[in-house]
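**Student:** predicted model and sequence below, questions to follow.
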Amino acid sequence: MSNPVKDLENAVKQLSEDQLQSFREWFDRFDAKKWDEKLEKDCASGKLDSLINKAIAEHKAGKTRQL
């Protein structure tokens with residue numbers, strides 16, 4: 001039975017330095033897009049509301065500092 005992750009690992013090991021750099025750049029964009037999509041989904045579903053409310057409350061209570 002084939003293992004897609006192992007197949008990818010083996011394929012990546014075969015890349016030249018230039019190909020590996022191109023892959024890294026592509027994967028960084030791909031991973032960032034997936035992260036953004038998950039964050040947007042979590043925000044839309046209300047999953048982050050408790051964290052947002054806690055942060056706002058701490059800020060109003062003077063428990064934050066300017067960066």
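**Tutor:** Everything's here; your move.
**Student:** neighbours around residue 23, how many?
**Tutor:** Residue 23: 14 surrounding residues under other C-beta atoms under 10 Å. C-betas here are computed from N, CA, C, even on glycine.
**Student:** how far away is the closest residue to it other than its chain neighbours from residue 9?
**Tutor:** With C-beta to C-beta, 6 or more residues apart in numbering as the criterion, residue 23 has its nearest non-adjacent residue at 6.2 Å, and that residue is residue 15. Between residue 15 and residue 9 the computed distance is 11 Å (C-beta to C-beta, to the nearest Å).
**Student:** cool, and residue 53?
**Tutor:** 42 Å.
**Student:** quickly find the element holding residue 55.
**Tutor:** helix 49-60 (DSSP states H and E).
**Student:** what residues does that helix touch?
**Tutor:** residue 64 (C-beta atoms under 8 Å, 6 or more residues apart in numbering).
**Student:** on that earlier part again, please report phi then psi for the residue nearest to residue 23.
**Tutor:** phi -70, psi 150 (degrees, to the nearest 10).
**Student:** from the chain's centroid, how far away is stretch 23-32?
**Tutor:** 10 Å (C-alpha atoms, centre = their mean, to the nearest Å).
**Student:** ok, residue 26 - how many residues close by?
**Tutor:** Using other C-beta under 10 Å: residue 26 sits among 10 other residues.
**Student:** ok, residue 15 next?
**Tutor:** Residue 15: 13 neighbours (other C-beta under 10 Å).
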